[in-house]
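> Give me a 3D structure for the following:
(2 chains)
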Amino acid sequence: MQRPRFELPEALVMEILSKLPVKSLTRFNCVCKYWCSSFQTPHFISNNYHNNLENNNLNLLLSRCDGNTFQRYFSQLSNEKDQNYIVKQNIHLPFFRNDLPYVYGACHGLLCLLDPLKDKAAIWNPSTREFKILPPSSIQRPPYFSPFEETYLTLDDVDFDHAAFGFDSKTDDYKVIRFVTLTFVNSEEQYPHPHFMYQVELYSLRSNSWQEIPCPDYKPTGTTLGNNYVDGICYWKTETGAYLDFRGLILSFDMGNEKFSILPIPEFVGSFPEYFVNLLVFNGSLGAIVYPTEGIDTSFDLWVTSEGVWTKQFNIKSISGVVRPLGFGKNGDLFLRDTNDEVLLFDASTQELKELQINTYLDHFRFTISLHAYLESLVRINGIQENIEKHVIRQPARDASTEN
Amino acid sequence: MGSTSTKIKLRTSDQKVFEVEKAVAVQSQTIKYIYENGCPDSVIHVHSVSGDILSKILDYCKKHVNSAAGKEDISPEELYEWDANFVKVDQNTLFDLILAANCLKIESLLDLTCQTVANMIKGKRPEEIRTTFNIKNDYTIEAEEAVRRENKWAFDMLGGVGTMVIEELADDTMSKCVTNTKSRVCVIAANQIVMMRSISKLANKKSIDVYKQPQNPTTPRIKESVKQRNVGTGFIELFFHFKCKM
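Residues are numbered from 1 along each chain as shown, chains lettered A, B, ... in the order given. Here you go, the predicted structure:
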């Protein structure tokens, strides 16, 4: 490009720059000091994010388990539709070492990685490669007195198996909410009967600390497909548990006022055990994908809720050999796992089932493969670059011979 | 009179007068505002826009109005292609269009032109960006090296053994060099190496020469100074075993 006849005014230059991918902007930090500081302003970050939102610059990560090391890692899939979602690079997480972190989010392009067995968590911006390790919660675990056994029980296990990651727009803060299951046993007994207690912990990025909040009556029992946060609220599946009145419910948590609520799940076509209902976020709303548990041919109904009203968006008719949905990619493409634990794609535009060249046959725990999507973003999280302590390691896929 | 045939007169900075349909002209929020709040009969002055540029802009507005109103049978894909061709202009004209779209407040055109420039620059080196936008580098040498080191990953190209990936190679880079007088192919990888070879010689050549970039403190140097390398058949395969030292 040549030297221009005139200069564009600053505001227009910034308008152009806000449409650039994060990698280009990172490189252009060294163009001049003014640009470097401009890219860090909330205004620019917000504009850039909105451009990504409008253009649906969605990046897809497939969470899988390495066949040799048993470690969880991510395969980043290509953005280009004509590349058939091949694996561009593999992202390993030495920070979590031998653990299999759960992935929450994305929220504004940020993901939260949480170890379900240890007090170990991180917030990650995969676009800017910033990695923030969360401090341990150091919340007191309460004692448990068993009146029947007339003794205090021993805390045997602490699990963090349900969580969510989202944004509080009132305080401009990112928060992590985590359910803690405490298992108490009578250590005197040979085969002790476990007693459970629950706590809820809330982390705020601004204060970089955890606090305990009151536990709701219902605890999450199910996981969501991918992201479980949308528009200021987090969602989990739960159930009444009452013997004769077993019903599926939705537990929600408002990031702003930090309150829990319960929503009913309508009987879509039927309910468990004939049908599975997976919660997910679809096109900016809470939705549910409903499909039969039995049968060779699976058809999927997608329902979406808005202000308490559920409407059926569409139906994908019988696809044979498919076991579970993994989640949606771009343009309504649906990723699925089949009876051979291979990852397939239902192409929304051609209405065809396609095989993807993602070779999962060497993976372990292939039934635990999950799909996560995030938009490119410049949002800063007060962390460090991934490669500094080698918390995150990226490797190009062996057959990736074009671009990044 | 039916509003469908209402015309508005526009006078440009170089005193050219255009008479356009109201529906087309009010694609510009600025013109719309003036028309609705001023005298509809007199001429509206668009001071900061030249005749040539306004002519192009009116083409754009007309195309989009007609397509939205169904007057033209054009699919969204075809309109997208038309837009893509519309912005295939030289850099100065593109910048003129951006300024005019901003001043006339035509949001879709501003988006289109800004996105076009963004696409053209996204793979460039910082040095090229400074030229494009006439920016003075106010970093000290040490400060700039520090920033580059911090953001090293954004300069890296991925590549396994034996191949180097050319990242975000802009189309205009290739074609520009092919047409110069010496008929050489000049391929510029993201910010690293420049390689030149005449096209006629490429086909049969087993090896190529590597030309380093002119030395200056902020330019990255080639880590392995490979003079000649076996080549593959395509241009992309020319680059082997190059890793740029930042």
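> Show me where chain A dips below the pLDDT cut-off.
Applying pLDDT under 70 to chain A flags residues A:1-5, A:81-82, A:241-246, A:269-273, A:296, A:398-404.
> Please work out how many residues are found near the residue of the stretch 101-250 of chain A at minimum distance from chain B.
When distances are taken as C-beta to the nearest C-beta, the stretch 101-250 of chain A approaches chain B most closely through A:Arg129, which lies 6.1 Å from it. Where C-beta positions appear, they are placed from N, C-alpha and C, glycine not excepted. Close neighbours of A:Arg129, defined as other C-beta atoms under 10 Å in any protein chain shown, add up to 21.
> Find the nearest non-adjacent residue to it, please.
A:Glu386 (4.6 Å; C-beta to C-beta, 6 or more residues apart in numbering or on different chains).
> And that neighbour, its phi and psi?
In this entry, A:Glu386 is assigned phi and psi values of phi -50, psi -40 (degrees, to the nearest 10).
> contacting residues for it?
Contact criterion C-beta atoms under 8 Å, 6 or more residues apart in numbering or on different chains gives A:124, A:129-131, A:392-394 as the residues in contact with A:Glu386.
> could you pull out the strands for the stretch 101-250 of chain A?
Counting by DSSP state E, counting those that start in this stretch, the stretch 101-250 of chain A forms strands over residues A:102-107, A:110-114, A:121-125, A:130-133, A:145-146, A:151-152, A:154-168, A:173-185, A:195-204, A:209-213, A:229-230, A:233-239, A:248-254, given from the N-terminal end onward.
> now swap in chain B and tell me
Assigned by DSSP state E, the strands in chain B fall at B:7-12, B:17-21, B:44-46, B:184-188, B:194-198, B:207-209, B:221-222, B:228-230, B:244-245.
> Report the inter-axis angle for the longest helix seen in chain B versus strand B:17-21.
Ranked by residue count, the top helix of chain B under DSSP state H comes out as helix B:51-69. Helix B:51-69 and strand B:17-21 meet at an angle of 0 degrees, taking axes from the mean of the first three to the mean of the last three C-alpha atoms, to 10 degrees as the criterion.
> Let me know whether A:Gly287 touches A:Ser306 as I believe.
No. Counting by C-beta atoms under 8 Å, A:Gly287 sits too far from A:Ser306 to count as a contact (9.8 Å).
> quick revisit: who wins for proximity to B:Met120 among the strands of the stretch 101-250 of chain A?
Shortest distance between B:Met120 and the strands of the stretch 101-250 of chain A, using C-beta to C-beta, is found for strand A:121-125: 26.4 Å.
> elements contacting the closest one?
Using 3 or more C-beta pairs under 8 Å, 6 or more residues apart in numbering or on different chains; DSSP states H and E as the contact test, the elements touching strand A:121-125 are strand A:110-114, strand A:130-133, strand A:173-185.
> Now, of the contacts of A:Glu386, which are buried?
The neighbour-count criterion (16 or more other C-beta atoms under 10 Å in any protein chain shown) marks A:124, A:129-131, A:392, A:394 among these as buried.
> on that earlier part again, and the residue of the stretch 101-250 of chain A closest to chain B, what does it touch?
So A:Arg129 contacts A:385-387, A:392, B:153 (C-beta under 8 Å, 6+ apart).
> Out of the residues you listed, which is nearest to B:Ala68?
Relative to B:Ala68, the closest of these is B:Trp153; by C-beta to C-beta it sits at 43.2 Å.
> count of neighbours near that closest one?
16.
> how near is the residue nearest to it when sequence neighbours are not counted to A:Tyr49?
Counting by C-beta to C-beta, 6+ apart, B:Trp153 lies nearest to A:Arg129, which is 6.1 Å off, once chain neighbours are set aside. Counting by C-beta to C-beta, to the nearest Å, the gap between A:Arg129 and A:Tyr49 amounts to 17 Å.
> Determine which two of the contacts of A:Glu386 are furthest apart.
Of all pairs drawn from these, the greatest distance, 15.3 Å, lies between A:Glu130 and A:Ile393 (C-beta to C-beta).
> how about the residues of the stretch 1-150 of chain A near chain B?
With C-beta under 8 Å from any C-beta of the partner chain as the criterion, the stretch 1-150 of chain A meets chain B at residues A:1-9, A:12-13, A:15-17, A:19-21, A:23-24, A:26-36, A:89, A:129.
> among those, which ones are buried?
Buried residues within those, counting neighbours by 16+ other C-beta under 10 Å: A:1, A:4, A:8, A:12-13, A:15-17, A:19-21, A:23-24, A:26-32, A:35-36, A:89, A:129.
> give me the beta-bridge partners of the closest residue to chain B within the stretch 301-404 of chain A?
Minimum separation of the stretch 301-404 of chain A from chain B (C-beta to the nearest C-beta) falls at A:Pro396, amounting to 4.3 Å. In this structure, A:Pro396 bridges to A:Gln89 when assessed by DSSP bridges.
> Helices of the stretch 1-150 of chain A, start to end?
If you assign secondary structure with DSSP state H, counting those that start in this stretch, the helices in the stretch 1-150 of chain A sit at A:10-17, A:22-27, A:33-38, A:42-54.
> Name the nearest residue to A:Leu60, ignoring sequence neighbours.
The shortest distance from A:Leu60 to any non-neighbouring residue, by C-beta to C-beta, 6+ apart, is to A:Leu77 (4.3 Å).
> Surely that neighbour touches A:Ile86?
Yes. A:Leu77 lies in contact with A:Ile86 (C-beta under 8 Å); the separation is 7.0 Å.
> what's the overlap in contacts for the two?
Residues touching both A:Leu77 and A:Ile86 comprise A:Ile358, with contact defined as C-beta under 8 Å, 6+ apart.
> Please report the distance of B:Tyr35 from A:Cys30.
Note on B:Tyr35: its distance to A:Cys30, by C-beta to C-beta, is 46 Å.
> In contact with A:Lys132, which residues?
A:Lys132 makes contact with A:122-124, A:205, A:381-384 under the criterion C-beta under 8 Å, 6+ apart.
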